[in-house]
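Participant: Got a predicted model here, sequence first, then my questions.
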Amino acid sequence: SKQDLKGLFNLMDLESSGQLSYHQFLESFYKAQVQDPKIYLMVMQLRMQKIETQVSKNYEACMRNFAGIMSEAMVAMGHQPLSPEALLKKCGVERPAFGTRP
């Protein structure tokens, strides 16, 4: 599909320049053709772990930010502040289980 082609182009465009040289195009297909499937799988697993780590860090930062804002609001309304963990639990926010595999 057109969307798949755009995704493939973005993966091949290593510099994110919006352009793909003939050499880059051929090199990408050559690597895909001759690459050992076990090595490819290992590389993909490492990339996924890196993404999971980045998402987890961003999630934690967002939740700390949310808890800080909510604590300030509670104090401004005259309520007793809660710890970030207690506040998130009271709001029903649970930490997702990143990195778990079925």
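Facilitator: In hand now; what should we look at?

Participant: Model confidence score at residue 72, please.
Facilitator: With respect to pLDDT, residue 72 scores 87.

Participant: Would you mark the buried spots in whichever strand or helix holds it?
Facilitator: In this assignment (DSSP states H and E), residue 72 forms part of helix 37-76. By neighbour count on 16 or more other CB atoms under 10 Å, the buried set for helix 37-76 is 63, 67, 70-71. (C-beta placed from N, C-alpha, C; glycine too.)

Participant: looking at this structure, which residue ends up farthest from its center?
Facilitator: Largest separation from the mean C-alpha position in the chain: residue 78, at 37.4 Å (CA atoms, centre = their mean).

Participant: Can you tell me the SS state at that residue?
Facilitator: Following DSSP: H, G, I helix; E, B strand; the rest coil, we place residue 78 in the coil state.

Participant: so how far is residue 27 from it?
Facilitator: 64 Å (CB to CB, to the nearest Å).

Participant: Please apply the same query to residue 33.
Facilitator: Taking CB to CB, one finds residue 33 at 11 Å from residue 27.

Participant: quick one, which of those two is more surrounded?
Facilitator: The neighbour comparison of residue 33 against residue 27 (other CB atoms under 10 Å) goes to residue 27, with 13 against 7.
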